[in-house]
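> please find the sequence and the predicted model below.
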Amino acid sequence: MRRSKIIMSLVWILLAVFVCIRSFKLNIGTLSSPDPGFMPFVCGAFIGLFGFMILSQEWRNRKKEIGWGAVNWGKIFMILIGIIIYATLVEKLGYLLTTFFVMILFFKVLGIKKWLFIILYSFLSTLSIYLIFDVGLQCYFPKGILRI
């Protein structure tokens, strides 16, 4: 059991409680008619949920602490490069094209071997995010050179 992770998860849970309480002062509203406090409340609830998940995992998992030597710096570097590439090209190439190619990079870095799965997962991730946010919630993404 790592003491630092337990303390960290408790801090996240306390932060979540604080955010949720403060969001009530902004009025939450309903799902069909959300008020300004709705999104902070949802975010606070997720922060609390993740904090609780980390706490319960650490409580059950009593393995020794993994040091910095176990970190794969190559993967971290490649993901950082992917984020920089994404931020640089998303306005020019558009959301769909840039996200698709960066997702290919991410899935490859994560260790998926078969190109069929990499392309399929990249396509499905890009499409599902597009349908949820652009079509469903009408949060428009950059169109780029393809104008779609």
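Great, that's in hand. Numbers count the residues shown, from 1 in each chain.

> the residue nearest to residue 110 when sequence neighbours are not counted: how many residues sit nearby?
Leaving out its chain neighbours, the residue that sits closest to residue 110 by C-beta to C-beta, 6 or more residues apart in numbering is residue 75, at 7.7 Å. For glycine as for every other residue, the C-beta is placed from the backbone atoms N, C-alpha and C. Residues near residue 75, counting by other C-beta atoms under 10 Å, number 13.

> now do the contacts for residue 55.
6, 9-10, 13 (C-beta atoms under 8 Å, 6 or more residues apart in numbering).

> buried ones only from these, please, as a ChimeraX command.
To isolate the buried ones among the contacts of residue 55 in ChimeraX, judged by 16 or more other C-beta atoms under 10 Å, type:
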select :9,13
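
> okay, the contacts of residue 55 in a markdown table with distance to residue 35, pLDDT and secondary structure next?
A markdown table is the format used below for the contacts of residue 55 (distance: C-beta to C-beta, whole Å; pLDDT from 0 to 100; DSSP: H, G, I helix; E, B strand; the rest coil):
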| residue | distance to residue 35 | pLDDT | secondary structure |
| --- | --- | --- | --- |
| 6 | 35 | 80 | helix |
| 9 | 30 | 86 | helix |
| 10 | 30 | 88 | helix |
| 13 | 25 | 91 | helix |
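
> from the contacts of residue 55, which is closest to residue 102?
In terms of C-beta to C-beta, no member of the contacts of residue 55 lies closer to residue 102 than residue 9, at 30.2 Å.
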